[in-house]
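Undergrad: sequence plus the predicted model coming up.
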Amino acid sequence: MKKRICLFGVAMMLAAFTMLAGDNNVFRHYGLSVGVGTTGVTADLGTMVTDHLGLRGGVDYMPKLSYSVWLDMDFINQKFDNMADEHGVPQYLRDQFGLPEKVQVEGKYDNFTGHALLDIHPIKSSGFRITLGAYFGKGGDSKLITAYNKQDGFLKNVADFNNRRGIFGLVPESYGQMAAKLGEYNLMPDDQGNANGYIKVNNVRPYAGIGFGRAVPKSRIGFQFDLGVQFWGHPKVYNGVNGQQLTSEGAKGEDGGVLKVISNVSIFPVLSFRLTGRIF
């Protein structure tokens, strides 16, 4: 599938530059557009290289979205006898060590990007176009979603319990460690009783789509519509405590809301509406 997309992109580029070679009316006008869409508030500067070819570059700002969810606290790879509660933890352990059943976690979604797009208009007189290009994240520190316990130090008892396993017989080592079940991932707290995790996707995200409207409208004001997808790769989940990439354990527990959905989606749909004005 990816190979076909690349070949299609190369074919479109060759067709575009063939059109360019026969047109001398280049880079004469520029347009500025603003709009909204699934990438947030978007703005870009564009130019028509020829009647068949347009270029756009800009930024997309998604306001940070926050949400809260209660996650189960369970043992990793451990099954107790029928004295265990619904989460698989015996009550005497909860009472003795003050282990919580759940932890309240706040998640934040942050997706600020830039973009560079090539518009190909197969028909000179039509606003219909095929668009190829890429979206760009914030570099190495680009975290799409972060999640952390809302109350500072709330998991201190859990951290102490995990550190006591196998020491002086306080906690049998066979019990395993306790973690928050963030979707299908085990989120371990640090020694201060805090846990956090985050999702990252590729910083360079190829884009392919269709749309209507020119980078520079023929009249003073115009309209643009875009529909396509970013190929941002398979999202990776990391433990924010030590930076280690987490693997799915198929654990029970709440689904972690947005995190679980995004951690299984390798493409991001792009739908945007823009108002465009000719600068000169």
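TA: Perfect, thanks for sending it.
Undergrad: in space, what's closest to Asp110 - neighbours in sequence excluded?
TA: Lys64 (5.1 Å; CB to CB, 6 or more residues apart in numbering). Every residue, glycine included, has its C-beta placed from N, CA and C.
Undergrad: next one: the one you found from Met178, what distance?
TA: Separation of Lys64 from Met178 (CB to CB, to the nearest Å): 30 Å.
Undergrad: and the two? Which one has more around it.
TA: In terms of neighbours (other CB atoms under 10 Å), Met178 is the more surrounded of Lys64 and Met178; the figures are 26 against 11.
Undergrad: distance check, the more buried one against Glu106.
TA: Note on Met178: its distance to Glu106, by CB to CB, is 20 Å.
Undergrad: go on, Tyr92?
TA: 31 Å.
Undergrad: the more surrounded of the two?
TA: More crowded of Tyr92 and Glu106, by other CB under 10 Å: Glu106, with 15 against 9.
Undergrad: pop out the phi and psi values for Pro122.
TA: Main-chain dihedrals, Pro122, degrees, to the nearest 10: phi -60, psi -30.
Undergrad: I'd guessed it sits against Ile210; true?
TA: No - judged on CB atoms under 8 Å, Pro122 makes no contact with Ile210 at a distance of 10.7 Å.
Undergrad: between these two, what contacts are shared?
TA: 128-130 (CB atoms under 8 Å, 6 or more residues apart in numbering).
Undergrad: out of those residues, which are buried?
TA: With burial judged by 16 or more other CB atoms under 10 Å, the buried subset of those is 129-130.
Undergrad: of the shared contacts of Pro122 and Ile210, which is the nearest to Leu55?
TA: Checking the shared contacts of Pro122 and Ile210 against Leu55 with CB to CB, the nearest one is Arg129 at 11.7 Å.
Undergrad: quick one: secondary structure of that closest one?
TA: What DSSP: H, G, I helix; E, B strand; the rest coil gives for Arg129 is strand.
Undergrad: in the chain, which spans are helices?
TA: Using DSSP state H, the helices of the chain run over 2-21, 91-97, 156-163, 258-262.
Undergrad: which stretches of the stretch 1-150 of the chain form strands?
TA: Shown for the stretch 1-150 of the chain, the strands assigned by DSSP state E, counting those that start in this stretch span residues 30-37, 40-48, 53-61, 65-75, 102-109, 113-120, 128-136, 145-149.
Undergrad: and those, which one is worst for confidence?
TA: Ranked by mean pLDDT, those bottom out at strand 65-75, with a mean of 80.
Undergrad: so which bits of it are buried?
TA: For strand 65-75, the buried set under the neighbour-count rule, 16+ other CB under 10 Å, comprises 69, 71-75.
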